[in-house]
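# Got a predicted structure here, sequence first:
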Amino acid sequence: MAATASDVPDVLAPNLSCIFCGINPGRVSAAAGAHFANPRNDFWRLLQEAGFTPRLYAPAEQFELPALGYGLTNAAGRTTPGSGDLRRGDFDGERLVALAEELRPHAIAFVGKEAYRGSFGERPELGPQGRTLGQTALFVLPSTSPANAAVPYDERLRWFRALREWVEPLDRPAVRALLVDHSRRTLLLRWEIAGDAWWITPGGGIDDGENDESALRRELHEEVGLTDVEIGPVVWERVDVLPYPPRITHQRERFYLVEVGELEVAPTIDLALERVTGYRWWTAEELEATAEWFSPPELPALLRGI
């Protein structure tokens, strides 16, 4: 990554487990050339007690973190007396997008809600976020600054420990159906999780003892009531990052074309237990025009290609 104009250097490397992103350098950190250098800042102590580091590291030892799988950066590079002195233009969310694309960390953890809000213009809740940057999941921690005295130390430690448990990804194979009718529409299910709603294709994980075909037939029977169907070719493959607790999941998905005529959707299981709250047939044009979230984002192009 190109160096940022900052008094505190980035501590980065490819393929890290987690990059911690502070809001910006304070004067103590700028003078030390190190992240979270204020002795009243709890960051380094929290890293140790949550199990990220085997001992208490000093800010001057920051460049030892990549060997443990961790990195450091800031959402804004300009040094200020306090984060309240920052301007909107000080933040560069596109730099974080490029960082995720080039270095491919498993996750970026924002140390404080304001670091996330300044980068993306959204007010987050603590914990995993619905937004991802490619295959990089995002997490928001409480600020470790002494100015954040309203959040007790034990509460901060609880969130750091939650991040430690969440950040190592599980690998999960899955199959999905691009279910297309004679009007060139595709069936999507409305899936709700962590306050977000997505329109997704039918399908799911492959259970032990299943192959792609048997897993997809089971999913189609359970989710839409479809039986005795011909499974078409694989039309697309991807790795989807699911950033939800208890751990990040890297879901390796293969999409199969399944063509149908008339279909009355009749699930054979309670989809509410799967967080599915509805369904709808979509054209490529409707997907291109909607402001709702759908997955994968390449769906309109896939439909047009077919």
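Nice, I can see it.
# Which parts of the protein belong to which domain?
Domain segmentation of the chain under automatic domain parsing yields 18-166, 170-305.
# residues in contact with stretch 274-281?
Taking contacts as CB atoms under 8 Å, 6 or more residues apart in numbering, the residues outside stretch 274-281 that touch it are 181, 183, 185-193, 197, 199, 223-224, 265, 271. Placement of C-beta: from N, CA and C, glycine included.
# Out of those residues, name the ones that lie in helices.
Counting by DSSP state H, the part of those found in helices is Glu223, Val224.
# Narrow the contacts of stretch 274-281 to those that are buried.
Neighbour-count burial within the contacts of stretch 274-281 applies to Arg185, Thr186, Leu187, Leu188, Leu189, Arg190, Trp191, Trp199, Glu223, Val224, Val265, Leu271; the criterion is 16 or more other CB atoms under 10 Å.
# ok now do the residue nearest to the last one when sequence neighbours are not counted, which residues does it touch?
Meaning Leu271. The shortest distance from Leu271 to any residue other than its chain neighbours is 6.6 Å, reached at Glu223 (CB to CB, 6 or more residues apart in numbering). Remark: with contacts taken as CB under 8 Å, 6+ apart, Glu223 is in contact with Leu189, Pro202, Gly203, Gly204, Pro267, Ile269, Leu271, Glu274, Val276.
# now swap in Ala115 and tell me
With CB under 8 Å, 6+ apart as the criterion, the residues that contact Ala115 are Cys21, Gly22, Ile23, Asn74, Ala75.
# For it, which three-state class applies?
Per DSSP: H, G, I helix; E, B strand; the rest coil, the secondary structure class of Ala115 is helix.
# Would you double-check that Arg176 falls in a strand?
Yes - note on Arg176: a strand contains this position according to three-state DSSP.
# that older thread, so which of the buried ones among the contacts of stretch 274-281 comes closest to Arg247?
Arg247 lies nearest to Trp191 out of the buried ones among the contacts of stretch 274-281, by CB to CB, at 18.5 Å.
# And the strands in the stretch 1-150 of the chain?
18-22, 70-74, 107-111, 127-133, 136-141 (DSSP state E, counting those that start in this stretch).
# just the stretch 151-300 of the chain next, same as before
Going by DSSP E, counting those that start in this stretch, the stretch 151-300 of the chain shows strands at 170-180, 186-193, 196-200, 203-205, 234-242, 249-259, 276-282, 293-295.
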